[in-house]
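**Student:** Build the 3D model from these lines:
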Amino acid sequence: MHLLLVEDEQHAGEYLSKGLRENGFVVDWLKSGLDALHQAQNVEYDAIVLDIGLPDLNGWEIIKRLRQSQHTPVLFLTARDRVEDRVRGLELGADDYLIKPYAFSELLARVRVLLRRGKQQELDVLTLGDLSVHLLRQRVERSGQRIDLTAKEYALLLLFLRRRGEVLSRTLIAEQVWDMNFDSDTNVVEVAVRRLRSKIDEPFGSQLLHTVRGFGYVMEQRD
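**Tutor:** Purely as a prediction, here's the structure:
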């Protein structure tokens, strides 16, 4: 699942983006309301976690403009526990409202609820051949056997499955899964792909994750 996180406070943004990525989400974190509005209007997200108190363009104005053209689920974050603010947010089109300080587990649960009921939600199960990923349970199976993955391996698998048949470069993979600029001296992508293959391909005798030499990797079923 691809989330847009809009939070101008450095510590909170780092904490939330790290926690969400560890739970298998692809996260774009922005601090500017203007940048967030432009991003949300040009990139398809599964949900948006939006702080109201932004310095340049506040959350109220962002959702007001977004709702003119789209219905991506939005979870508002605010430091003010006022009934009138909650009512205003809901009337403008927010799907949920969370007051600071909050437990990360609650935010995670609320995001998952939004994804279940949101109009932009994916199917509950992604499949390719005999490989399946149950998104809400975060359960991976192949030929009926459960496969245990780390958080990064799971995020990597979701990226490949959502873009099956598309050759993904190492640079793109590093940006999406690790939120880092690709360094040619770093073999983190190759190591992660190797480990993922050892779990989803090697024990089953047929390969779904392929190397395209000089370009990157592709996940597809081949004869």
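
**Student:** Confirm for me that His210 is in contact with Gly216.
**Tutor:** No: between His210 and Gly216 there is no contact under Cβ atoms under 8 Å: 10.0 Å. C-beta: built from backbone N, CA, C; applies to glycine.

**Student:** Compare these two (neighbour count), which wins?
**Tutor:** Gly216 (18 against 14; other Cβ atoms under 10 Å).

**Student:** for that one, what are its contacts?
**Tutor:** For Gly216, the contact set (Cβ atoms under 8 Å, 6 or more residues apart in numbering) comprises 167-170, 172-173.

**Student:** all helices of this protein, in order?
**Tutor:** Assignment of helices within the chain using DSSP state H yields the ranges 10-22, 33-42, 59-66, 83-92, 104-117, 151-162, 170-173, 188-200.

**Student:** Show me what the helix-or-strand element of the chain with minimal mean pLDDT packs onto, helices and strands only.
**Tutor:** When each helix and strand of the chain is scored by mean pLDDT, DSSP states H and E, helix 83-92 comes last, with a mean of 75. Using 3 or more Cβ pairs under 8 Å, 6 or more residues apart in numbering; DSSP states H and E, the elements in contact with helix 83-92 are helix 59-66, strand 74-78, strand 96-99.

**Student:** Adding distance to Val43 as columns, could you present these in CSV?
**Tutor:** Formatted as CSV, these follow (distance: least, Cβ to Cβ, whole Å):
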stretch, distance to Val43
helix 59-66, 12
strand 74-78, 14
strand 96-99, 21
